[in-house]
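A.B. asks: Quick one, fold the following:
(one chain, ligands or ions: 1)
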Amino acid sequence: MVDDGHASCPFVTASGCSVYAGRPGACRTYPLGRGAFTTPDGKHHEMHVLLTEPHCKGFSQGAPQDISAWQKDQDLALYNAMNDELLAVLQHPRIKEGHQPEAREVEIFLSLYTLDTFRNLLLDATIALPISITDSERQQLATDDLVLLRLGIRWLNHVLSQH
Ligand code: SF4
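C.D. replies: Down below sits the predicted model:
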């Protein structure tokens, strides 16, 4: 966020979002907030809250929509699916036990939000990776962000399970 006293988004301009086609999942979800978790019996749960903030003009425009119509309209299926895959890290037993992530774990986690950095890390032949990567995955790394993201989640799970 921009340090302007309002924590403004660096991508907002006078004419709107400058990265609209690639805006993050949270922006697509707004004015909903989505929470998801998996219970010990393996069941997946999700819940939503509606944020009715006065600066959001969308409430006075268009027809009312239910949650599934809104998610479809905002093309959220893949964003939610990937967020749910990340739950394996966020709800890892060690995190639940109160483990404070170490610097290396934080570095890998943050790199999932800067995929080009993570791609370069994985493609650097001088770094010995702690997980095995198939030839197919290695070939797709250069161009497929989903393969990259899933590898990152796998890597983090592996690192968290080492202790
Ligand atoms: S939609 Fe999201 S990325 Fe775009 S300007 Fe708003 S907060 Fe920033």
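
A.B. asks: quick one: the helix or strand containing A26 to chain centroid distance?
C.D. replies: According to DSSP states H and E, A26 maps onto helix 25-29. Between the centre of helix 25-29 and the centre of its chain there are 10 Å (Cα atoms, centre = their mean, to the nearest Å).

A.B. asks: List the neighbours of it that are in contact with it.
C.D. replies: By Cβ atoms under 8 Å, 6 or more residues apart in numbering, the surrounding residues in contact with helix 25-29 are C17, Q71, Q74, D75, L76, Y79, N80, M82, N83. Placement of C-beta: from N, CA and C, glycine included.

A.B. asks: Report how many residues lie close to the closest residue to I133 other than its chain neighbours.
C.D. replies: Once flanking residues are discounted, I133 sits nearest to L151: 6.7 Å by Cβ to Cβ, 6 or more residues apart in numbering. Neighbourhood size, L151 [other Cβ atoms under 10 Å]: 21.

A.B. asks: for I95, same thing?
C.D. replies: Neighbours of I95 (other Cβ under 10 Å): 14.

A.B. asks: Find the helix or strand that it is a member of.
C.D. replies: Under the criterion of DSSP H and E, I95 resides in helix 93-96.

A.B. asks: same check, this time on T117
C.D. replies: Take DSSP H and E as the rule and T117 turns out to sit in helix 115-123.

A.B. asks: I am finished for the moment; much appreciated.
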